[in-house]
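**Student:** The amino acid sequence is not available; the structure is as follows:
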């Protein structure tokens, strides 16, 4: 019997896969636990529509990430921090502070978890920080760390 899986089933398949199982397994396990539905014309059409909708949403997210990457890369972010005479910062500049400054200066929302800071920013200067916006899109943000006036 052909069954469309509604969720990932260990050792059987992933969500929306069409698998061939014994009728008793389908009726007594998959259907009772809402893990699958029979692969009839209506359910096959539903899966096809869901996959096309998911592909459209994924394409929109990718386009939005590319647009945001373009905006991030063309701007230089300026962070003002307390610093000593030798150019060392009191503490360090965190991804949270960078996200807040990005919102203040350019009105761009970026999640602090998406910012990848290789090593802590503890000195004044210019730094390149990666922003992982999408699995396929990574933007490089230029951050100028300057002393407070």
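**Tutor:** Thanks, I have the structure now. Nothing here was measured: the structure is a model prediction, and the numbers come from that model. Residues are numbered from 1 along each chain as shown.
**Student:** how about stretch 13-23: buried residues?
**Tutor:** 13, 16, 19, 21 (16 or more other C-beta atoms under 10 Å). Any C-beta I mention is one placed from the backbone N, CA and C, and that applies to glycine too.
**Student:** Then stretch 99-107?
**Tutor:** Buried-residue list, stretch 99-107, by 16+ other C-beta under 10 Å: 99, 101-102.
**Student:** what domains does the record give for this structure?
**Tutor:** Using automatic domain parsing, the domains assigned to the chain come out as 2-63, 67-147.
**Student:** and the most far-flung residue of the chain relative to its centre, what pLDDT?
**Tutor:** Distance from the C-alpha centroid of the chain peaks at residue 24, with 40.3 Å (C-alpha atoms, centre = their mean). We have a pLDDT of 96 for residue 24.
**Student:** Would you list the phi and psi of it?
**Tutor:** In this entry, residue 24 is assigned phi and psi values of phi -70, psi -40 (degrees, to the nearest 10).
**Student:** Residue 108 too?
**Tutor:** Torsion angles, degrees, to the nearest 10, at residue 108: phi -110, psi 120.
**Student:** Who are the contact partners of it?
**Tutor:** Residues counted as contacts of residue 108 (C-beta atoms under 8 Å, 6 or more residues apart in numbering) are 68, 71-72, 75, 102.
**Student:** Keep only those of those that are in strands.
**Tutor:** Of the contacts of residue 108, none are assigned to strands by DSSP state E.
**Student:** now residue 110: how far from residue 60?
**Tutor:** 18 Å (C-beta to C-beta, to the nearest Å).
**Student:** Tell me which of these two has more neighbours.
**Tutor:** Neighbours were counted for residue 110 and for residue 60 using other C-beta atoms under 10 Å; residue 110 has more, 20 against 10.
**Student:** for the buried residues of stretch 99-107, which one is nearest residue 87?
**Tutor:** residue 101 (19.5 Å; C-beta to C-beta).
**Student:** Give the buried residues for the helix or strand hosting residue 138.
**Tutor:** Using DSSP states H and E, residue 138 sits within strand 137-147. For strand 137-147, the buried set under the neighbour-count rule, 16+ other C-beta under 10 Å, comprises 137, 139, 141, 143, 145.
**Student:** Which one of the residues you listed is nearest to residue 131?
**Tutor:** Using C-beta to C-beta, the buried residues of strand 137-147 come closest to residue 131 at residue 139, 4.5 Å.
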